[in-house]
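K.L.:
this one's structure only:
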């Protein structure tokens, strides 16, 4: 069950360090590849031609896979993709510009995480067990 659904409360210091390091690496990759990724995602045409331009989507996919691997312990296999995909999809419904979309997706993800951790405190339930 822990492999499928994960255990948020059983994360140890080593897992937190792994998640923090992968998050830092991902932020650096996105900062370095922001402009080419924004152009490619807004035009819908993949960058072709030079070797460097072909490497950009591959590097972004590697960072995304690293984030999935880091989230398996906390969220489990079934729930690892949802927190990565749903805030971005919801933000895209409200705006089409890149920076507001990034900001809104970050805010939605942080609000969902805060609600998920704080809502079981009032009825004295463990996290992840609302029903």
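P.N.:
Yep, that arrived. Since we're looking at a predicted model, the values are computed, not measured.
K.L.:
what's the closest non-adjacent residue to residue 92?
P.N.:
Computed as CB to CB, 6 or more residues apart in numbering, the closest residue to residue 92 that is not its neighbour in sequence is residue 101, at 6.1 Å. Yep, even glycine has a C-beta here, placed from its N, CA and C like the rest.
K.L.:
Quick check: the one you found vs residue 16, distance?
P.N.:
28 Å (CB to CB, to the nearest Å).
K.L.:
quick one: which of those two has more around it?
P.N.:
The residue with more neighbours, out of residue 101 and residue 16, is residue 101; 20 against 11, by other CB atoms under 10 Å.
K.L.:
Now do the helix or strand where the more buried one lies: distance to the chain's middle.
P.N.:
Assigned by DSSP states H and E, residue 101 belongs to helix 98-118. Centroid displacement of helix 98-118 relative to its chain, using CA atoms, centre = their mean, to the nearest Å, is 10 Å.
K.L.:
so what secondary structure elements neighbour that helix?
P.N.:
Under the contact definition 3 or more CB pairs under 8 Å, 6 or more residues apart in numbering; DSSP states H and E, helix 98-118 sits against helix 13-43, helix 82-94.
K.L.:
now the residue nearest the centre of the chain, nearest residue through space, not along the chain?
P.N.:
In the chain, the centroid-proximal residue (CA atoms, centre = their mean) is residue 84; its distance is 3.6 Å. Using CB to CB, 6+ apart and skipping residues adjacent in sequence, the residue nearest residue 84 is residue 67, 6.4 Å away.
K.L.:
my read: the one you found touches residue 25, true?
P.N.:
No: counting by CB atoms under 8 Å, residue 67 sits too far from residue 25 to count as a contact (9.3 Å).
K.L.:
Show me this protein divided up by domain.
P.N.:
Taking automatic domain parsing as the reference, the chain has its domains at 1-77, 81-131.
K.L.:
Just checking the distance from the last one to the centre of its chain.
P.N.:
When you say that, I think you mean domain 81-131. Worked out by CA atoms, centre = their mean, domain 81-131 lies 10 Å from the chain centre.
K.L.:
Begin at 726, not 1, for the rest of this chat.
P.N.:
All set: I'll call the first residue 726, so the last point we hit is now domain 806-856.
K.L.:
Quick check: mean pLDDT of that domain?
P.N.:
Across domain 806-856, the average pLDDT comes to 80.
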